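**Student:** 3D, please:
(chains A and B)
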Amino acid sequence: MPTLSDVTTPETILSNDEILRYSRHLIMPEVGMEGQRKLKAAKVLCIGAGGLGSPLALYLTAAGVGTLGIVDFDVVDYTNLQRQIIHTTADVGRKKLDSAADKLKAINPFLNLRTFDMKLTSANALDLFREFDIVADGTDNFPTRYLVNDACVLTGKPNVYGSIFRFEGQASVFATADGPCYRCLYPEPPPPGLVPSCAEGGVLGILPGLIGVIQATETIKLILGQGDSLAGRLLLVDALGMKFRELKLRKNPDCPVCGTHRTITGLIDYDRFCGIRGQEAAPATGGNLSEISVEELKKKLDNKDDIFILDVREPHEYQICSLNGYLIPLGDLPKRISELDSSREIVAHCKMGGRSAKAVAFLQQSGFTKVHNLTGGITAWAERIDTKMPKY
Amino acid sequence: MPQIQIPSPLRQYAGKQASVNVPAKTVGEALVSLVSQHPELKRHLYNDDGKLRAFVNVYVNDEDMRYLQKEATALKDGDTISIVPSIAGGRCAAI
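**Tutor:** Numbers count the residues shown, from 1 in each chain, chains lettered A, B, ... in the order given. Next up, the predicted model:
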């Protein structure tokens, strides 16, 4: 954390332009000249320039945080634009760091922006975190969350946490001097098989805005030393019910990274810890799963072969695009299995091939022998057979 | 009757309900009642050894049951039990 001695150095003296820019801060006693100089002296590292990172970086920059670091290696994609408001349509295909840098410099030319075009790893996290005062976690996956947490605990940097899923969000401040860390709350990640799939995923576009702004607020409060921080509290946001609740968080004395008998004293292999090998790969199923390519399926359909297409996606996905298959969402398959004729040749598909692989494995266990999984799902069909079909 | 709040990732295994009333005197009884009403929830809440999964936290009102009497924590009318699983973000995992 920046100390008062940092604030009194000549580098934090505000120019007349800065005084005018920050006047609505300066006239509030909670910020004032001293607070604004603390903001100028502060160094905040933002992990990710995506949904949470967008509002975080925009507001911290506007507020006058002196040094902002951003770690990201991703490229702007069309599907990002629904929520990642730092990027525009014209930025699609550009590096998120370049896109973000343009907006942030346009908002506040006084910002010292440091961009790190890399994946945060166990090899680089500790050295990077040591150069900053506060880390704001805007990541979207479990391995990086545990990595950020452990690196914050090990370097003594507060971890301003936010997480989102569909209509719900969580926010807190972890790894302060006496407060709990993310592992105190969740000692272990969910196994990959229980992580929500395409069908259950998705996020309301405003939600990262709501949670990211809460993270920015907590970051600024930590810098100013004002107010009651979320350390020791987990804020739950339900946007659908528009309910804000808070739960008590306690430091777990048995926590492996911040407890009294620590077993984790350095960074570990977080992909292994989270049970993930190549996050993009479809999960392994039984082994002898019968697969069919979209090209083979097209050929069979053109030949008028008797093929029963089973679509195991959700009804709202069917509305986006379909292969005119028979719709039974994966979750309903066990109770609706009697609707299927095991004597016919069945091709099961979903969006990418993961859920339908589960469906095929289930049907095989239930005695179906002529059932195949469409490799790559309807997305592969849209890419290689019917390029006019929308992708989602 | 105490009420269990179901988080949105798990609602699909609980008949799409946001909350379920459970006739129970302890947290343990409440969870048993929930899982018997909605058997599909079981593998999401418990591991193969029948223990609550480490990424699923259970709160009684605003307090973590790990710091109360765990499953033996007594419930009274009007208590709210919250199941709070860890969430990581909106990325679509290909499963």
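**Student:** check whether stretch A:91-99 contacts chain B.
**Tutor:** No - applying C-beta under 8 Å from any C-beta of the partner chain, one finds stretch A:91-99 separated from chain B by no less than 14.4 Å. C-beta coordinates here come from the backbone N, C-alpha and C atoms, glycine included.
**Student:** what about that stretch, average pLDDT?
**Tutor:** For stretch A:91-99, the mean per-residue pLDDT is 98.
**Student:** just the terminal-to-terminal distance for that stretch.
**Tutor:** Start-to-end span of stretch A:91-99 (C-alpha to C-alpha, to the nearest Å) is 6 Å.
**Student:** now do it: distance to the chain's middle.
**Tutor:** Here stretch A:91-99 shows a centroid-to-chain-centroid distance of 18 Å under the convention C-alpha atoms, centre = their mean, to the nearest Å.
**Student:** quick one: contacts of it?
**Tutor:** Around stretch A:91-99, the neighbours that count as contacts under C-beta atoms under 8 Å, 6 or more residues apart in numbering or on different chains are A:49-50, A:70, A:72, A:74-78, A:81, A:84, A:86-88, A:115-117.
**Student:** buried subset of the residues you listed?
**Tutor:** A:49, A:50, A:70, A:72, A:76, A:84, A:86, A:87, A:115, A:116 (16 or more other C-beta atoms under 10 Å in any protein chain shown).
**Student:** please name the nearest non-neighbouring residue to the second one.
**Tutor:** Read it as residue A:50. Leaving aside its sequence neighbours, residue A:50 sits nearest to residue A:84 (C-beta to C-beta, 6 or more residues apart in numbering or on different chains; 5.3 Å).
**Student:** verify the stated contact: that neighbour with residue A:55.
**Tutor:** No - contact criterion C-beta atoms under 8 Å: residue A:84 and residue A:55 do not qualify, at 9.5 Å.
**Student:** distance check, the residue lying closest to residue A:182 once chain neighbours are set aside against chain B.
**Tutor:** Distances taken as C-beta to C-beta, 6+ apart place residue A:149 nearest to residue A:182, at 3.8 Å, with adjacent residues excluded. Using C-beta to the nearest C-beta, to the nearest Å, one obtains 11 Å as the distance from residue A:149 to chain B.
**Student:** can you tell me how far residue A:149 is from residue A:75?
**Tutor:** Distance check for residue A:149 against residue A:75: by C-beta to C-beta, to the nearest Å, it reads 27 Å.
**Student:** repeat that for residue A:192.
**Tutor:** Distance from residue A:192 to residue A:75, by C-beta to C-beta: 25 Å.
**Student:** what's the answer for residue A:111, then?
**Tutor:** 23 Å.
**Student:** likewise residue A:270?
**Tutor:** Distance from residue A:270 to residue A:75, by C-beta to C-beta: 23 Å.
**Student:** now do the helix or strand of chain B with the lowest mean pLDDT: everything it contacts.
**Tutor:** Using mean pLDDT, DSSP states H and E, the weakest-scoring helix or strand in chain B turns out to be helix B:8-11, at a mean of 82. If you take C-beta under 8 Å, 6+ apart as the criterion, helix B:8-11 is touched by A:165-168, A:196, A:200, A:240, B:17-18, B:41, B:44-45, B:83, B:85, B:87.
**Student:** got the domain boundaries for chain A?
**Tutor:** A:42-273, A:291-384 (automatic domain parsing).
**Student:** touching, residue B:6 and residue B:84? I think so.
**Tutor:** No - using C-beta under 8 Å, residue B:6 is not in contact with residue B:84, being 10.7 Å away.
**Student:** which one of the buried ones among the contacts of stretch A:91-99 is nearest to chain B?
**Tutor:** residue A:50 (8.2 Å; C-beta to the nearest C-beta).
**Student:** can you give me the strands for chain B?
**Tutor:** Ranges of strands within chain B are B:3-5, B:19-21, B:56-60, B:63-64, B:80-85, based on DSSP state E.
**Student:** got the ones you listed as JSON lines, with mean neighbour count, distance to chain A and mean pLDDT columns?
**Tutor:** Formatted as JSON lines, the strands of chain B follow (neighbours: other C-beta atoms under 10 Å in any protein chain shown; distance: least, C-beta to the nearest C-beta, whole Å; pLDDT from 0 to 100):
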{"stretch": "strand B:3-5", "mean neighbour count": "19", "distance to chain A": "9", "mean pLDDT": "95"}
{"stretch": "strand B:19-21", "mean neighbour count": "16", "distance to chain A": "10", "mean pLDDT": "93"}
{"stretch": "strand B:56-60", "mean neighbour count": "21", "distance to chain A": "5", "mean pLDDT": "94"}
{"stretch": "strand B:63-64", "mean neighbour count": "17", "distance to chain A": "6", "mean pLDDT": "96"}
{"stretch": "strand B:80-85", "mean neighbour count": "20", "distance to chain A": "7", "mean pLDDT": "92"}
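**Student:** is it possible to get JSON lines of those strands that adds distance to residue A:213?
**Tutor:** JSON lines is the format used below for the strands of chain B (distance: least, C-beta to C-beta, whole Å):
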{"stretch": "strand B:3-5", "distance to residue A:213": "25"}
{"stretch": "strand B:19-21", "distance to residue A:213": "28"}
{"stretch": "strand B:56-60", "distance to residue A:213": "25"}
{"stretch": "strand B:63-64", "distance to residue A:213": "27"}
{"stretch": "strand B:80-85", "distance to residue A:213": "22"}
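**Student:** residue A:60 is nearest to which of these?
**Tutor:** Between residue A:60 and the strands of chain B, the shortest separation by C-beta to C-beta is 27.7 Å, and it involves strand B:80-85.
**Student:** what is that closest one packed up against?
**Tutor:** strand A:233-238, strand A:243-248, strand B:3-5, helix B:8-11, strand B:56-60 (3 or more C-beta pairs under 8 Å, 6 or more residues apart in numbering or on different chains; DSSP states H and E).
**Student:** can I get those in JSON lines including distance to residue A:260?
**Tutor:** Below are the helices and strands packed on strand B:80-85 laid out as JSON lines (distance: least, C-beta to C-beta, whole Å):
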{"stretch": "strand A:233-238", "distance to residue A:260": "22"}
{"stretch": "strand A:243-248", "distance to residue A:260": "20"}
{"stretch": "strand B:3-5", "distance to residue A:260": "32"}
{"stretch": "helix B:8-11", "distance to residue A:260": "33"}
{"stretch": "strand B:56-60", "distance to residue A:260": "21"}
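**Student:** looking at the ones you listed, which is nearest to residue A:292?
**Tutor:** So among these, helix B:8-11 is nearest, using C-beta to C-beta, at 31.0 Å.
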